[in-house]
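[1] what follows is a predicted structure for the sequence shown.
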Amino acid sequence: MPANDTIIEMEGIRKVYDTGKIQVEALRGIDLNISQGEFVAIVGPSGSGKSTLMNLIGCLDTPTAGVYRLSGQLVAGMKKDELATIRNRRVGFIFQNFNLLPQITAYENVEMPLLFGGVPRRERRNRIEELMERVGLKDRMEHKPTELSGGQMQRVAVARALAMDPDILLADEPTGNLDTSSGGDIMELFHELWEQGGTMLVITHDAALARRAARQVEIQDGLITRNTVGTGAGPAASE
Amino acid sequence: MTFVLNPLRQLWRDLRTQKLRTFLTTLGIVWGTVAVTLLLSFGQAMHRQMLKNVLGLGNAIVISFPAMTSKPFEGLGKGRPIRVTEDDIELIRKRATLVDAISSEYSETLKLKMGTRTMAVDVSGVSPEFGEMRNMIPQIGGRFLNPIDAAQKRRVAFLGDELAEDLFGATDPVGQIFRLHGSPFTVIGTLEPKTQDSSYSGRDKDKIMIPGSTFRALTGEKYVTLFIFTSKDVQHTKQTTDEVRTILAGKLRFDPTDKEALMIWDTTEMFQFMDSFMFAFKAFLGIVGSLTLVVGGIGVSNIMSVVVEERTPEIGVKMALGARPRSILTQFLAETLIITAIGGIVGLMITIGICEIWPSGMEEYMGIPTVDTQVALLTSALLGLIGLVAGFFPAQSAANLDPVVAMKMT
């Protein structure tokens, strides 16, 4: 695996939650490398530590021990404001419950990361229109999330995750709150994004979605128990 | 541009989506501001009015009544009347280094005749300095007594405004002639109406002032009824009084420590008392008003805390999308400050409105309340401080949220 193409580089990552009396060891030494253009599914039972892993990868949280490099940049010891900048520029999050802000329109939701990134107004407009077209919701831009279906909401969330052109898309159970058909649409969208050269990391229970991934990583009790190339999609397309 | 405009846009969005909350929060600040500014404005108006009333009597003068000795001195028994002549006043004028101005006053009730009317009026014979010391401002077209009047013992008179109106009605009194104690006098001026809440021998509005020299020639009076003086420095009024007392004691041979030989009414004590009283009064009003404002501020802080709690998931999402903790802090702080500022401006306008429509009939007691710059600046500073403090703690707790936990708080 060539190092210059590596987006995620984890070595001996441990995460301990200190709740006062008891210490919960959520991750017990994870080694994981993900390269540019990979489509990785992380699977595992609930409580296995996969959400913790995603939070660490997305710089929402910092590991207790271990080395983590995101696009070659060492994350340990960064200040809160620097982590925020990393999240803004390098990572795009997609959540199970969409996490769209209900009071504002789809357009304004997609605009948010661009606002935080200090993108000028005109550029923002162009970018949002382009993204909404890409997820097939150009005619729904002025709708509020409550006026959209679940599948449409998740597509807005995908557009939002792509807004700052991140190095990697992180999706936590993206189809968990969707019916089969909408879930299928989202999986289709992910596949398209991957084919266009995106790097995808998906946490899922959904066997169908996991099979679409080129590589499957299984976690149990805070350790990687399986790390295999999947059946569905084949290896990453190189750019 | 975007660095300034984007947070403003977010803020506007937040306020717009929470209309009722914003309104209620603002209301607390409005009420607090009205309380502070109204109380301070009324306090200041009362102070001004009291000052005006006291100034009617004179401009930081000391009034001195020659009386009777109460201590034996150099072989002279006590109970001896002290009588001061114009020469003694002249002596003080020459010798006293601390005295700024001095004027004797001779007064008597004399018979006034004009046409068929005869009446008894209080007449005072005074020096030209008396006018300025006692705030005797002439109405337009007239003047107060001048040194030439005094030197030539002119038979000229300065009339109190109400007496002038009683005598001459609508006719301009200046240049009119009446007889006083049998001699004709010409009116040279009338008093500009003034408020005067204390006096020592009747209000100025009912009096006639003539030159002291004329008074002595007219009545044969040799001794002053009283004299008034001012100090070059108001702070040294006590020393000035002692100096005057010592000079007179040496000349008229009484014990300089004899307080009863010369009765003293130091009106500057009134000013000092009033200043400290009004300071305490305004401080009290200010504190009461400020507490109201602080209560308003606590309300804002509370509501902002609820807002932070309510919007915790939203803050979590924003942080996940790359909002910096510092910008979250700034956003909530700015929101609080803007709510405070809007409330303050509305409150200030309500106070200005109340002052505008305040009935003028109560002027004599309460003065005319106005919001001056001092009150406005003080209130703004207080509002700013309250906004900062009220906003800081909720904003800080918002900025310190853990995005992972915050997002799950749905």
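    Sure, I can see it.

[2] quick check: residue A:87 touching residue B:318?
    No. With contact defined as C-beta atoms under 8 Å, residue A:87 does not reach residue B:318; the gap is 10.4 Å. (C-beta placed from N, C-alpha, C; glycine too.)

[3] quick check: which ranges of chain A have low pLDDT?
    Along chain A, segments meeting pLDDT under 70 span A:1-4, A:230-239.

[4] ok, now with 50
    Per-residue confidence for chain A (pLDDT under 50) gives these ranges: A:1-3, A:232-239.

[5] for residue B:342, which non-adjacent residue is closest in space?
    Spatially, and ignoring its direct neighbours in sequence, residue B:342 is nearest to residue B:26 (5.6 Å; C-beta to C-beta, 6 or more residues apart in numbering or on different chains).

[6] same question, residue B:114
    Distances taken as C-beta to C-beta, 6+ apart put residue B:178 closest to residue B:114, at 4.0 Å, once the chain neighbours are dropped.

[7] helix, strand or coil for the one you found?
    Of the three states, residue B:178 takes strand under DSSP: H, G, I helix; E, B strand; the rest coil.

[8] how close does it get to residue B:116?
    When C-beta to C-beta, to the nearest Å is applied, the distance between residue B:178 and residue B:116 equals 12 Å.

[9] and what of residue A:20?
    Taking C-beta to C-beta, one finds residue A:20 at 106 Å from residue B:116.

[10] do residue A:26 as well
    Residue A:26 sits 115 Å away from residue B:116 when distances are taken as C-beta to C-beta.

[11] would you tell me which helix is longest in chain A?
    The helix spanning the most residues in chain A, taking DSSP state H as the definition, is helix A:180-195.

[12] list the neighbouring strands of the following helix or strand past that one plus their orientation.
    Sequence-wise, the next helix or strand beyond helix A:180-195 is strand A:200-203, with elements assigned using DSSP states H and E. According to DSSP bridges, the neighbouring strands of strand A:200-203, each with its direction, are strand A:39-43 (parallel), strand A:168-172 (parallel).

[13] can I get those in TSV with mean neighbour count?
    What follows is the strands paired with strand A:200-203, written out as TSV (neighbours: other C-beta atoms under 10 Å in any protein chain shown):
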stretch	mean neighbour count
strand A:39-43	25
strand A:168-172	24
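
[14] ok, residue B:354 touching residue B:39?
    No. In terms of C-beta under 8 Å, residue B:354 does not count as a neighbour of residue B:39; the distance is 11.6 Å.

[15] just want to know which of those two has more residues nearby.
    A side-by-side neighbour count of residue B:354 and residue B:39, using other C-beta atoms under 10 Å in any protein chain shown, places residue B:39 first with 22 against 16.

[16] which of the helices or strands spans the closest residue to residue B:386 other than its chain neighbours?
    Sequence neighbours aside, residue B:297 is the residue nearest to residue B:386 in space, at 3.7 Å (criterion: C-beta to C-beta, 6+ apart). Element membership of residue B:297 [criterion: DSSP H and E] is helix B:268-310.

[17] and that helix, how far from the chain's centre?
    Using C-alpha atoms, centre = their mean, to the nearest Å, the distance from the centre of helix B:268-310 to the centre of the chain it belongs to is 21 Å.

[18] can you tell me the SS state at the residue of chain A found nearest chain B?
    Of chain A, the residue with the smallest distance to chain B, taken as C-beta to the nearest C-beta, is residue A:88 at 2.3 Å. With three-state DSSP as the basis, the three-state label of residue A:88 is helix.

[19] again, but for residue A:217
    Using three-state DSSP, the three-state assignment for residue A:217 comes out as strand.

[20] report the separation between whatever residue of the stretch 101-250 of chain B ends up closest to chain A and residue B:166.
    When distances are taken as C-beta to the nearest C-beta, the stretch 101-250 of chain B approaches chain A most closely through residue B:235, which lies 58.1 Å from it. Summarising the geometry, the distance separating residue B:235 from residue B:166, computed by C-beta to C-beta, is 41 Å.

[21] chain center to the helix or strand hosting residue B:377: distance?
    Assigned by DSSP H and E, residue B:377 falls within helix B:373-399. Using C-alpha atoms, centre = their mean, the distance from the centre of helix B:373-399 to the centre of the chain it belongs to is 30 Å.

[22] re the thing from before, surely the residue of chain A closest to chain B and residue B:321 touch.
    Yes. Counting by C-beta under 8 Å, a contact exists between residue A:88 and residue B:321, whose distance comes to 6.7 Å.

[23] for those two, list the residues in contact with both.
    Listed as contacting both residue A:88 and residue B:321 by C-beta atoms under 8 Å, 6 or more residues apart in numbering or on different chains are A:113, A:116.
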